[in-house]
Every structure is written in C-alpha cells, then in structure tokens.
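>>> Show me the folded form of this:
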Amino acid sequence: MVVVAVTQPPQIDRAQAFEVERYKYLLQQLHTVNENVYRFLAIYQTLATVLVGAALALFVRWDEWKIDPYIAQVGVVSILVLVSVIAAFTIGLIVVGVRTWLDYREEECALTEVAVRPGYRKPPELRNFWRWYETYIVLFIGASVAIMWLGAGFVLLPAMS
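The predicted structure follows:
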C-alpha cells in the first residue's frame, strides 16, 4: 500500500488575503481605465468622421439643394461647433481618466509599500506626461479640430460666398 502525504499550504491571514484582493482590484481598474481611452478615441473618430462628412456633403451640394449661401455656411459652422464640443468632451473624459489612473497608481504604490517592501513601486510623476499615450491622443484630437476649423475658414466658407 502506498501512502501519499498531503501537505496543507500555509494559511494566509485575512490581512494578506485582503491585500491580494485589493491589489487585483487595483490592477483591474488600471486596465479598465487604459481601455477606456481607446473607447473614447473611437467614439470621437466615428462622430467626427460622420459630422465632417455631413459638412462636406453640405459644401458640395448646397447650390444643388438650393440652400441660401449664408444658411449653408451656418450649417457648416454649426457642424464644426458640434465636432468641437464632442472633442472637448472627449478630451475631458481622457483627462479625468488620467487623474483616475494616477489615483489608482498612487494607491497601488501605497499598498506595495506595506505589502511588499518600501520602494517596490515608484509613484507616477506628472513630468513624464510626454511618455503617456493619452498626451498624444489629446494632441491628435486638438490638432484635428484645429485643422477642421482652418479648412472651413480658409477653403469651405469662402467658396460658399
């Protein structure tokens, strides 16, 4: 007869179990915040593409549709205002997401200071913003809105007069 010895894993106390679960939660939240940025960008790109397409359709067809030039210009500007509002809202969501991410990272660092060892994780520094992809997404959104307004101001609206 063969006897197999079964060893019990060392018992983890409640505090350690709580720390592990809290750490898992923090990592999951960080992942969710990171994913949200791409969702916000996709929503902005979709809405901006549709709205700018509508503005271009209005520009191309305003005469054929027998729309007064002033009304057509107001329509183009109104669409660009709507795109700008959507861009501002998207940028606001990204900024809030960055603040949330910083908050979770600081909490993660505080947890690892106690649970692992002091200095295990360095807290994020704002001066490293140029490394964050969110910075470039915000710059892209701002630049795209600026280019839309410049294109409308220097090409579309004068051609509609």
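
>>> okay, CA-based contacts and neighbour counts for the rest of this
Will do.

>>> Could you check the pLDDT of residue 11?
Among the per-residue scores, residue 11 holds a pLDDT of 65.

>>> all numbers from here: first residue = 38
Got it, the first residue is 38 from now on, which makes the last one we talked about residue 48.

>>> quick one, helices of the protein?
Assignment of helices within the chain using DSSP state H yields the ranges 51-98, 106-152, 170-188, 194-196.

>>> Kindly reformat these as JSON lines containing mean pLDDT, mean neighbour count and distance to residue 161.
Conversion of the helices of the chain to JSON lines gives the following (pLDDT from 0 to 100; neighbours: other Cα atoms under 10 Å; distance: least, Cα to Cα, whole Å):
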{"stretch": "helix 51-98", "mean pLDDT": "93", "mean neighbour count": "15", "distance to residue 161": "13"}
{"stretch": "helix 106-152", "mean pLDDT": "95", "mean neighbour count": "17", "distance to residue 161": "7"}
{"stretch": "helix 170-188", "mean pLDDT": "96", "mean neighbour count": "15", "distance to residue 161": "14"}
{"stretch": "helix 194-196", "mean pLDDT": "96", "mean neighbour count": "13", "distance to residue 161": "46"}
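
>>> Out of these, flag the one nearest residue 163.
Between residue 163 and those, the shortest separation by Cα to Cα is 8.9 Å, and it involves helix 106-152.

>>> excluding its backbone neighbours, what's nearest the residue positioned nearest the centre of the chain?
With distances taken as Cα atoms, centre = their mean, the chain has residue 74 as the residue nearest its mean C-alpha position (2.6 Å). Of all residues beyond its chain neighbours, the one nearest residue 74 is residue 131 (6.1 Å), with distances taken as Cα to Cα, 6 or more residues apart in numbering.

>>> what's that neighbour in contact with, if anything?
Under the criterion of Cα atoms under 8 Å, 6 or more residues apart in numbering, the neighbours of residue 131 are 74, 77, 171, 175.

>>> Need these in JSON lines (columns: distance to residue 54).
Below are the contacts of residue 131 laid out as JSON lines (distance: Cα to Cα, whole Å):
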{"residue": "74", "distance to residue 54": "31"}
{"residue": "77", "distance to residue 54": "35"}
{"residue": "171", "distance to residue 54": "34"}
{"residue": "175", "distance to residue 54": "39"}
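
>>> wait, isn't residue 157 in contact with residue 147?
No - Residue 157 is beyond contact range of residue 147, at 9.6 Å (criterion: Cα atoms under 8 Å).

>>> now, which of the contacts of residue 131 sits nearest residue 64?
Of all the contacts of residue 131, the one with the least separation from residue 64 (Cα to Cα) is residue 74, at 16.1 Å.
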